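In: Sequence and computational prediction follow.
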Amino acid sequence: MINAIKKSFKYSLPVLFGYIPLGFAFGIMLAAKGYGPEWAFFMSVFIFSGTGQYLIVSLLAAGAEIPYVILITFLLHFRYFFYGLSMIDRYHKIGKTKWYLIFGLTDETYAILSTEKPPEGISRAAFYTAVTFLNHCYWIIGSVLGAVAGSVLPINTKGIDFVMTALFSVLVVEQWKANKNHIPALIGFVLPIISLVILGPQHFLIPALLAVSATLLCLRPKFEKEERI
Amino acid sequence: MSDFYTSVGIIAAMAGVTALTRFAPFIFFGHGKEPAKWIKYLGKYLPPALMSVLIIYCISTVNFIGGSHGIPEIICIAAAMGLHAWKGNVLLSIGVSTVLYMILVQVVFV
């Protein structure tokens, strides 16, 4: 396993440079709401999702209701389902770490494992496990360091929450570049704004999510027709 | 900060649902079984829409009528998007826009 980790390390480097600072920002944000490093540690171990953990900071601060947390997490992490689907064949008969690999299938881990081939001398299973494990460690280390820094250093962290908005802004641009059809992205802006104006910040999100999903389902015949052209 | 049990409940709910979204394809579909077409359709078109929804969620408590009128938020979202469209470097886009935002709310729009 040590050998596998050594050989897989360079494949995980881009994630190291991403997860340490992003995890760090999460830790600072969390500490700003009164949660220390032990909370950051357990959340990074058991949730292991950047988008989810950025979102949970505001859910914790607001003391959100559990059904609300379940619904918003489901919609936010719906994409993992599709990463999993495309990894079914790769993870088939992979051995005893299979369920850990599935648990650790983040956006970044998916990006590496779905594109890179294992290096010479180690098995596919060992490579997948090592990369997933290294990425998990980077995320934990970054978030705990951030929470320690946020609890100890006398820095003015006002405005650090914007890191979540910035992350989603970046993801919008990435989705915009990756998709030819921009109507879903525009629907995603317009319907929540209407919902927000009518219902206010406390109640707008779930109606907005349902309206967006329903609108997309109604547009299915149109979009699928366009795909065939 | 919520009390201990509320916090643990929220974290457990998110951890559980997150794990479920990751495990579900392996539990329900496995080797050689395909999901329904409408699920695949949503898998393709829902994520880009959800990212937009989440930006609105992030700025949903901003006061656009009074206070700073949401000017720091609009400037910094534009900065993050513009920088990302231009350079495509995730850390650069997030880092610059967040630091800019912190400066704006701590120094300029106090």
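Out: Ah, there it is. Numbering: from 1, shown residues only, chains lettered A, B, ... in the order given.
In: Report the distance from the helix or strand of chain B with the lowest mean pLDDT to the chain centre.
Out: The helix or strand of chain B with the lowest confidence, counting by mean pLDDT, DSSP states H and E, is helix B:37-58 at a mean of 85. Per CA atoms, centre = their mean, to the nearest Å, the displacement of helix B:37-58 from the mean C-alpha position of its chain is 11 Å.
In: tell me what the following helix or strand past it is packed against?
Out: Sequence-wise, the next helix or strand beyond helix B:37-58 is helix B:71-87, with elements assigned using DSSP states H and E. Counting contacts by 3 or more CB pairs under 8 Å, 6 or more residues apart in numbering or on different chains; DSSP states H and E, helix B:71-87 is packed against helix A:162-178, helix B:90-103. In short, each C-beta sits where N, CA and C put it, glycine included.
In: out of those, which comes closest to residue B:22?
Out: helix A:162-178 (18.5 Å; CB to CB).
In: ok and the residue in chain A nearest chain B?
Out: Shortest chain A-to-chain B distance, computed as CB to the nearest CB: residue-wise this is residue A:188, at 2.9 Å.
In: which residue packs closest to that residue, ignoring adjacent ones?
Out: Spatially, and ignoring its direct neighbours in sequence, residue A:188 is nearest to residue B:52 (2.9 Å; CB to CB, 6 or more residues apart in numbering or on different chains).
In: for the residue lying closest to residue A:201 once chain neighbours are set aside, what are its contacts?
Out: Taking CB to CB, 6+ apart, and ignoring the residues beside it in sequence, residue A:201 has residue B:60 as its nearest neighbour in space, at 4.3 Å. Residue B:60 is in contact with A:196, A:201, A:204-205, counting by CB atoms under 8 Å, 6 or more residues apart in numbering or on different chains.
In: One more pass at 7 Å, please.
Out: Residue B:60 makes contact with A:196, A:201, A:204, according to CB atoms under 7 Å, 6 or more residues apart in numbering or on different chains.
In: Would you tell me what the next helix or strand after the longest helix along chain A is?
Out: Ordering each helix of chain A by length in residues (DSSP state H) puts helix A:2-32 first. The element immediately downstream of helix A:2-32 (helix or strand, assigned by DSSP H and E) is helix A:37-46.
In: to the chain's geometric centre, what's the distance from that following helix?
Out: For helix A:37-46, the gap between its own C-alpha mean and the chain's C-alpha mean amounts to 15 Å (CA atoms, centre = their mean).
In: Can I get it in PDB? Just the C-alpha atoms.
Out: What follows is the C-alpha trace of helix A:37-46 in PDB, where atoms were taken according to Å, rounded to 0.1, in the frame of the first residue of the first chain:
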ATOM      1  CA  PRO A  37     -11.300  21.900  14.500                       C
ATOM      2  CA  GLU A  38     -12.900  18.700  15.900                       C
ATOM      3  CA  TRP A  39     -16.100  19.600  14.000                       C
ATOM      4  CA  ALA A  40     -14.100  20.300  10.800                       C
ATOM      5  CA  PHE A  41     -12.400  16.900  11.200                       C
ATOM      6  CA  PHE A  42     -15.500  14.800  11.600                       C
ATOM      7  CA  MET A  43     -17.300  16.600   8.800                       C
ATOM      8  CA  SER A  44     -14.400  16.200   6.400                       C
ATOM      9  CA  VAL A  45     -14.100  12.500   7.300                       C
ATOM     10  CA  PHE A  46     -17.800  11.600   7.100                       C
END
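In: hmm, who's touching it?
Out: Contacts of helix A:37-46 with the rest of the structure, by CB under 7 Å, 6+ apart, involve A:23, A:27, A:30, A:53, A:139-140, A:143-144, A:146-148, A:151, B:11, B:15.
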